[in-house]
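Asks: When you get a sec, could you give me coordinates for this:
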Amino acid sequence: MNLFIYTASDIDETFLADWKNLLKSSLWADPFLTPTWLSPCVSLYPGRYKLLVGYCNGTLVFLMPIETPCYGSIPICCIRLGGHISSEQQRMGIVRSGEELEIIVHALVSMFSNKNAARPVIGLDCLVGEDPLAIMLIKSICSRGWKKVEHPGKESPYVKLESDFETYLKGVKRNVRREYLRRKRKIEHDLSVERMIISSGEEVSYWLPEIIRVEHNSWKKDTGLFCPKFRELSSRRLFAMAESGMLRVFLLLSDKQLIAYDIEFMFEGRLWSFSVSFDAEYRKYGPGIDLQVEVIRYGFDQHIKAVELLGGSQSYKSAWAHATRERSSIYLFPCGIKSAVGPIFLNAFKSIRRNFG
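Replies: Numbers count the residues shown, from 1 in each chain. The predicted model follows:
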C-alpha cells in the first residue's frame, strides 16, 4: 500500500468519487469523515489540515484527516491524527471493508518511524475501545519504544432507538421525565411556540442570521460555531451539509422568532447532534432539552438506529441516553529527547489551558 498526503489542490472530482466509494464500502464511518465536512476545512486552512490517504493497486482503501498545529513556539504535537480535526469525530479514519488493517498500520508506522526524517510526536483523539485501527496503531508504535501518554477524553452519550418513542419516554427516570413535561407545558402556556425542521440550503440562508443571533445571546458568544473566528468555516459546512442531504436543523420559535436551535446530521442510519444553542433569556423553559427530545422523537419517527449526542456526558444528555462512548486523548512520543521532555511540556501546556483558557 502507498501512502500520500493530500492538500486542497489534490481534491478533484476523481478523488471525490473515490472518497465517496470508500465511504460506501466502509463498515463504519461518520459524517465528520465525509468530503462534505472535511473539504471546507482543508480548503480554508491548507497549511494546517490535510488528508492522509492510502492506495492499493490504484484503489483508495484508506483515508484519515491530519492536522499539523503549532502551540506558540512550543511544538507540543507535530501531527494529529483523526479525531482532532473535529472533537466530535468517532473514528480515526475510513478503511475499505475487507482491507487488512495490518497492512495499513504497517505503512503508517513505517512512515512515522522513518529514520531519515524527523519523527513526529503523534496525537490521537479517538474511541480506543471501539476503533480497531487506533488499537492496532498504538500497540504497534509503542512496541518500537515510543512512549504513550493517555488522558481521559469526552464521554459521549448516545440513545439507542428501539421500540417506540412513548415506550422510550416511560423508561427515562421519573424525575427527569416530569421536569421535561413540566417545562414543556410551561413554555406552551406562556409563549406561542412552534417547532420546525429545516434541511435545505434556501432554508439555511433564511434562518442563518437568526441562528447567529441566538448563539450570540447564549453562553457560546465568544467560542461558538458562528463567532468571528469560525463563522466562515461553519457557514460553508452548514451549506455543504444541506446540499448533501445530511442536514437537519431543529428550530424552536416563539411568535415566529427563533429562541433555540439544534443542528443534527443524518448519516448511516444515525442522527449526530453537532451543536445546540438557545437564547439565555428563555433558559427557564429548558429550550435545549425541548429540542433534544424532539430530535429523539424524530429519530423514532424515521426508524433510525441511534442518536449520537456527542460532546461530553453532561447530565442533561446522560439522563436521556442509554450508554456512552468513551474517548481518550493519546500522545505518542518517539524515543530520545522528545520522549523524555515531551510529556513535561504537554502537561505544562494543558495546565496553562485549564487555568487561563
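Asks: quick one: low-confidence parts of the stretch 201-350 of the chain?
Replies: Residue ranges of the stretch 201-350 of the chain with pLDDT under 70: 336-350.
Asks: what mean pLDDT would you report for stretch 144-161?
Replies: Stretch 144-161 shows a mean pLDDT of 90.
Asks: What of stretch 122-131?
Replies: 87.
Asks: domains for the protein, by residue range?
Replies: Domain assignment of the chain by automatic domain parsing yields the ranges 2-154+327-356, 162-304.
Asks: okay, how far is it across the last one, tip to tip?
Replies: Terminal residues of domain 162-304 are spaced 9 Å apart (CA to CA, to the nearest Å).
Asks: Show me which residues of stretch 166-185 are buried.
Replies: For stretch 166-185, the buried set under the neighbour-count rule, 16 or more other CB atoms under 10 Å, comprises 168-169, 172, 177, 180, 183-184. Every C-beta, even on glycine, is put in place using the N, C-alpha and C of the backbone.
Asks: isn't residue 321 right up against residue 155?
Replies: No - if you go by CB atoms under 8 Å, residue 321 and residue 155 don't touch, sitting 10.0 Å apart.
Asks: Could you say which helix or strand holds residue 234?
Replies: Residue 234 belongs to helix 231-244 when assigned by DSSP states H and E.
Asks: now the helix or strand following that helix and helix 231-244, what's the angle there?
Replies: Later in the chain than helix 231-244, the nearest helix or strand by DSSP H and E is strand 247-254. Taking axes from the mean of the first three to the mean of the last three CA atoms, to 10 degrees, one finds strand 247-254 and helix 231-244 inclined to each other by 110 degrees.
Asks: all helices of the chain, in order?
Replies: 13-25, 35-44, 101-112, 132-142, 165-171, 174-190, 201-216, 231-244, 287-301, 315-318, 337-356 (DSSP state H).
Asks: possible to save those helices as TSV with distance to residue 280?
Replies: Formatted as TSV, the helices of the chain follow (distance: least, CB to CB, whole Å):
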stretch	distance to residue 280
helix 13-25	39
helix 35-44	29
helix 101-112	45
helix 132-142	38
helix 165-171	27
helix 174-190	15
helix 201-216	9
helix 231-244	20
helix 287-301	10
helix 315-318	15
helix 337-356	25
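Asks: in the protein, which strand has the most residues?
Replies: strand 147-160 (DSSP state E).
Asks: gap between residue 309 and residue 169?
Replies: Residue 309 sits at a distance of 16 Å from residue 169 (criterion: CB to CB, to the nearest Å).
Asks: quick one on the thing from earlier: how about the helices of the chain, which one is nearest residue 259?
Replies: Ranking these by proximity to residue 259 (CB to CB) places helix 287-301 first, at 5.7 Å.
Asks: how much distance is there from that closest one to the middle of the chain?
Replies: Computed by CA atoms, centre = their mean, to the nearest Å, the chain-centroid distance of helix 287-301 equals 19 Å.
Asks: tilt between that helix and strand 247-254?
Replies: 130 degrees.
Asks: Helix 287-301 packs against which elements?
Replies: Counting contacts by 3 or more CB pairs under 8 Å, 6 or more residues apart in numbering; DSSP states H and E, helix 287-301 packs against helix 165-171, helix 174-190, strand 193-198, strand 247-254, strand 257-267, strand 270-278, strand 306-308, helix 315-318.
Asks: returning to that earlier point: the helices of the chain: which one's closest to residue 327?
Replies: So among those, helix 132-142 is nearest, using CB to CB, at 10.4 Å.
Asks: What residues of that closest one count as buried?
Replies: Neighbour-count burial for helix 132-142 [16+ other CB under 10 Å]: 133-138, 140-141.
Asks: ok, residues contacting it?
Replies: For helix 132-142, the external contacting residues (CB atoms under 8 Å, 6 or more residues apart in numbering) are 82, 91-93, 95, 101-102, 104-106, 108-109, 112-113, 122, 124, 126-128, 148, 330, 332.
Asks: Over to stretch 52-60?
Replies: So stretch 52-60 is contacted by 1-6, 15, 18-19, 21-22, 61-66, 81, 93, 96, 99, 103-104, 107 (CB under 8 Å, 6+ apart).
Asks: That one - what's its average pLDDT?
Replies: On average, stretch 52-60 scores 94.
Asks: That one: end-to-end distance?
Replies: End-to-end distance (CA to CA), stretch 52-60: 11 Å.
Asks: Adjust the sequence numbering to begin at 8 for everything that follows.
Replies: Understood, numbering begins at 8; the last thing we discussed is stretch 59-67.
Asks: List the buried residues in it.
Replies: With burial defined by 16+ other CB under 10 Å, the residues of stretch 59-67 counted as buried are 59-61, 63, 67.
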